[in-house]
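[1] what's the 3D shape of this:
(one chain, ligands or ions: 2)
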Amino acid sequence: MARGKLIVFEGLDRSGKSSQSLRLVEKLEADGHHVLHMRFPDRTTPIGRLIDAYLKGESNQDDHVIHLLFSANRWEASSTIHSHLAANTTVVLDRYFYSGIAYTHAKSLLSSTSSPSPPPSPLTLDWCTSPDVGLPRPDLTLFLDLTLEEAARRGGYGGERYEKREMQERVREVFGRVWMGEGDAGRKAGEFVRVDAGKGMEEVEEEVWMNVRDMWESVEREGKGVGVFEMK
Ligand code: NYM
Ligand code: MG
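    Residues are numbered from 1 along each chain as shown. Ligands and ions are numbered 1, 2, ... in the order given. Prediction:
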């Protein structure tokens, strides 16, 4: 029996992930597929509410702790994702573990003015990756890449933690390194695709659609099962 596909949208804040992921859902539904749209962080769960307070600056957390909460927030959805895929429902995610890796690791690249002494454990790429190992592996991750200049033209950022230019710059750098194949989450053939999000809405949509179609065909042709995210 056919299974659903796991499709992930990643990128910086303002890159259009939310709009593009919702458009893809509509398109797939119009094609007759069952689709579930989810976003991470899912701020509605108890863990999600802790994350929400942290992002809004209403609470503080140790960098390691908040990283693990973001990961736990994905783990609490893991069996739901698996069961939908098994029941032939495609799952479209607005952010997933790549955001977890990119945003936390980016903190370690910021000048350490906020923490005068070295942290007990550095936020290395490996450390940031390991809590997510074992989660359902995306069939396709679309990295919507946007320059900081274009993000600024789109009206700049909101007021949440991380929505600052110097942080976004580092996040983009880490996404770029992952795209080049660095670390366990690094690009594998066809699975982590960079899309120029600076183009018009329709053009981006078209590029997304072509990648989804290619992935779809290859999953069906090769009868690929649902995978889990593994260390390389
Ligand atoms: N974020 C998101 C992380 O730092 N780690 C994660 O694992 C995830 C999923 O949360 N600035 C950050 C990226 C965003 C912020 O996401 C909230 P959104 O999509 O803007 O609501
Ligand atoms: Mg945001």
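
[2] and residue 9, how far from ligand 1?
    10 Å (Cβ to the nearest ligand atom, to the nearest Å). C-beta: built from backbone N, CA, C; applies to glycine.

[3] sorry, wrong one. I was asking about residue 154.
    Distance from residue 154 to ligand 1, by Cβ to the nearest ligand atom: 14 Å.

[4] right, and that residue touches residue 19 too?
    No - the criterion here is Cβ atoms under 8 Å, and residue 154 misses it with residue 19 at 11.4 Å.

[5] what sits in contact with each of the two?
    Shared contacts of residue 154 and residue 19 (Cβ atoms under 8 Å, 6 or more residues apart in numbering): none.

[6] helices or strands next to the top helix by length along the chain in the packing?
    The helix that spans the most residues within the chain, counting by DSSP state H, is helix 63-86. Applying 3 or more Cβ pairs under 8 Å, 6 or more residues apart in numbering; DSSP states H and E, one finds that helix 63-86 contacts strand 34-39, helix 46-55, strand 89-94, helix 97-109.

[7] report the distance from it to the chain centre.
    Taking Cα atoms, centre = their mean, to the nearest Å, the mean C-alpha location of helix 63-86 is offset from the chain mean by 12 Å.

[8] tell me how many other residues surround the residue nearest to residue 85 when sequence neighbours are not counted.
    Leaving out its chain neighbours, the residue that sits closest to residue 85 by Cβ to Cβ, 6 or more residues apart in numbering is residue 4, at 4.3 Å. Neighbours of residue 4 under the rule other Cβ atoms under 10 Å: 25.

[9] what about residue 57, which SS state?
    coil (DSSP: H, G, I helix; E, B strand; the rest coil).

[10] so which helix or strand of this structure has the lowest pLDDT on average?
    helix 148-153 (a mean of 91; mean pLDDT, DSSP states H and E).

[11] so what touches that helix?
    Identification of contacts with helix 148-153 by Cβ under 8 Å, 6+ apart yields 12-15, 157, 165, 168-169, 172, 197-198.

[12] ok, of these, which one's closest to ligand 1?
    Nearest to ligand 1 among the contacts of helix 148-153 is residue 13, at 5.1 Å by Cβ to the nearest ligand atom.

[13] let's verify the closest one: helix, strand, or coil?
    Secondary structure, three-state DSSP: residue 13 is coil.

[14] quick check, it in contact with residue 156.
    No - contact between residue 13 and residue 156 fails when scored by Cβ under 8 Å: they sit 9.7 Å apart.

[15] tell me which of those two has more neighbours.
    residue 13 (19 against 11).

[16] could you report the pLDDT at residue 232?
    Looking at residue 232, its pLDDT is 84.

[17] now it: how far from residue 93?
    Shown here: residue 232 relative to residue 93, a distance of 22 Å by Cβ to Cβ, to the nearest Å.

[18] how about the residues of this protein by ligand 1?
    Taking Cβ under 6 Å from any ligand atom, the part of the chain that reaches ligand 1 is made up of 13, 40-41, 55, 70, 95, 99-100, 103, 162.
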